[in-house]
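> Generate coordinates for the sequence data below:
(one chain, ligands or ions: 2)
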Amino acid sequence: MKQLKFRNGDQMDAIGLGTWKSEKGEVTKAVKIALDNGYKHIDCAATYGNEAEVGEAFNEVFSRGEVKREDVWITSKLWNNAHKEEDVIPALKQTLKDLQLDYLDLYLIHWPVAFKPDVSFPEKAEDFLSLDEVPLIETWNEMVKAREQGLVKHIGVSNFSIEKLKELMEDTEHTPEMNQVELHPYLQQNKLLEFCSKHGINVTAYSPLGSGDRPEAMKAADEPSLLENPVINKIAKKHGASPGQILIKWSEQRGTAVIPKSTNEKRIKENLRSAGYQLDEDDMNEIADLDYHFRYVNGKFFEMEGNSYSNIYND
Ligand SMILES: NC(=O)C1=CN([C@@H]2O[C@H](COP(=O)(O)OP(=O)(O)OC[C@H]3O[C@@H](n4cnc5c(N)ncnc54)[C@H](OP(=O)(O)O)[C@@H]3O)[C@@H](O)[C@H]2O)C=CC1
Ligand SMILES: O=C1CO[C@H](CO)[C@@H](O)[C@@H]1O
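Ligands and ions are numbered 1, 2, ... in the order given. Below you'll find the model as predicted:
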């Protein structure tokens, strides 16, 4: 499997396990299966509501001693209601407590969007704070402090467009080390990848399989299926792989990290085995033609009449 290199020489396994929508009753088992079967990279977030259950798996596996904490890359994310200076490190400490860890490998600002501290998920325009009220640099400076204090090894962002990255980088000498964004054959993010590569920012691909288990309210009526795409299925047949494995391999082969979510034992194992395939030039060219600029996780749920957020992705 490919490794992503960080500026200080640290390395991260390209394929990790996602945990959004993994039910509390299932996620402990899923993370244990992953770690016992060779995963060395787990993606978490406070807003997934299951960090305590993920932490039970870490505690059990690390105390058994076969897999060591220092051999696993653990990412989590600062939720949008803790962007204020005084809220960032307390939110991180809560995540560390829930995950039963002393440090994270990577901590990300989840979105370039801020909510009021008592809002978990916004329902109306008044639930938001504008980026004039809580500038991203205020939040970022606390992320830098968290890294200086050793609470996290690396810091980065998520759902940041090129414009948002540029704005932040104008205000700081501490360039983000990671941008985690939606990325798959229907949203290939070529310009963003080029920008990130130029500035030494690693990229992680989220929703690589099309996020089929998202809440219905987040789905468009006529959205295209990645797993059922005929080109992906033809390439899968050619290699004796599953369509999911081709989608995961495609991201890994392009040099990004990729974090498919599963709580199913067979698919957890199958997804890690994606690394063993190799896509040839014809496969890569055919997949390159599928870039429809289509988003499954549409930031429109943060764009409300009367708030200051519009066109979050600068599409
Ligand atoms: N930073 C951000 O804003 C975001 C980050 N993320 C992160 O990325 C992760 C992955 O994205 P996510 O949106 O969950 O969706 P994915 O694209 O990973 O799709 C998950 C769905 O695919 C199914 N699945 C898993 N493996 C296979 C397979 N081999 N073949 C067929 N179906 C499969 C899962 O079902 P089953 O569990 O039954 O296998 C589930 O229904 C998240 O869990 C989260 O960690 C996601 C969205 C936003
Ligand atoms: O990671 C994510 C998944 O869940 C959230 C929605 O509830 C998204 O905002 C976010 O991007």
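> drop to CA atoms for contacts and neighbour counts, all remaining ones
Noted.
> quick one, helices of the stretch 1-150 of the chain?
Ranges of helices in the stretch 1-150 of the chain, per DSSP state H, counting those that start in this stretch, are 24-36, 51-64, 85-99, 136-148.
> residues in contact with stretch 286-295?
182, 185-189, 231-232 (C-alpha atoms under 8 Å, 6 or more residues apart in numbering).
> Tell me the residues of the chain that contact ligand 1?
18-20, 43-44, 110, 158, 180-181, 206-213, 244, 259-264, 267, 271 (C-alpha under 6 Å from any ligand atom).
> Repeat the analysis, applying 5 Å as the threshold.
Residues of the chain lying near ligand 1 by C-alpha under 5 Å from any ligand atom: 18-20, 43, 206-213, 244, 260-264, 267.
> ok so, going back, out of the helices of the stretch 1-150 of the chain, which comes closest to residue 218?
helix 24-36 (20.8 Å; C-alpha to C-alpha).
> what angle do the closest one and helix 51-64 make?
Angle, helix 24-36 to helix 51-64, by axes from the mean of the first three to the mean of the last three C-alpha atoms, to 10 degrees: 30 degrees.
> tell me how far stretch 285-305 is from the chain's mean position?
Chain-centre distance of stretch 285-305: 15 Å, with C-alpha atoms, centre = their mean, to the nearest Å.
> Quick check: buried residues in it?
287, 290, 294-297, 299, 302-304 (16 or more other C-alpha atoms under 10 Å).
> measure it end to end?
One end of stretch 285-305 sits 41 Å from the other (C-alpha to C-alpha, to the nearest Å).
> Going by neighbour count, which residues in the host helix or strand of residue 169 are buried?
Assigned by DSSP states H and E, residue 169 belongs to helix 162-170. Using 16+ other C-alpha under 10 Å as the test for burial, helix 162-170 gives 162, 165, 168.
> Among the residues of the chain next to ligand 1, name the ones in strands.
43, 206 (DSSP state E).
> and the residue sitting furthest away from the middle of the chain, what is it in contact with?
The outermost residue of the chain, judged against the average C-alpha position, is residue 238 (29.5 Å), by C-alpha atoms, centre = their mean. Contacts for residue 238 (C-alpha under 8 Å, 6+ apart) come out as none.
> now residue 226: how far from residue 244?
Per C-alpha to C-alpha, residue 226 is found 9 Å from residue 244.
> anything in contact with each of those two?
residue 209.
> where does this structure dip in pLDDT?
For the chain, applying pLDDT under 70 flags no range at all.
> could you redo the last one with a cut-off of 90?
221, 298-300, 314-315 (pLDDT under 90).
> can you pull the contacts of residue 73?
12-13, 40-42, 104-106.
> Okay, it and residue 163: tell me how far apart.
For residue 73, the distance to residue 163 equals 28 Å [C-alpha to C-alpha].
> same question, residue 173
17 Å.
> same check, this time on residue 107
Taken as C-alpha to C-alpha, the span from residue 107 to residue 163 is 21 Å.
> before we move on, what about residue 19?
Where residue 163 is concerned, residue 19 sits at a distance of 28 Å (C-alpha to C-alpha).
> Same check on residue 21?
Taken as C-alpha to C-alpha, the span from residue 21 to residue 163 is 29 Å.
> Need the helices of the stretch 1-150 of the chain in TSV (columns: mean neighbour count).
Below are the helices of the stretch 1-150 of the chain laid out as TSV (neighbours: other C-alpha atoms under 10 Å):
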stretch	mean neighbour count
helix 24-36	19
helix 51-64	19
helix 85-99	18
helix 136-148	19
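> Using CSV, lay out those together with distance to residue 78.
Shown next, in CSV, are the helices of the stretch 1-150 of the chain (distance: least, C-alpha to C-alpha, whole Å):
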stretch, distance to residue 78
helix 24-36, 20
helix 51-64, 12
helix 85-99, 7
helix 136-148, 9
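> Got the phi and psi for the residue nearest to residue 169 when sequence neighbours are not counted?
Excluding the flanking residues, the one nearest residue 169 by C-alpha to C-alpha, 6 or more residues apart in numbering is residue 175, at 6.0 Å. Note on residue 175: backbone dihedrals following degrees, to the nearest 10 are phi -60, psi 140.
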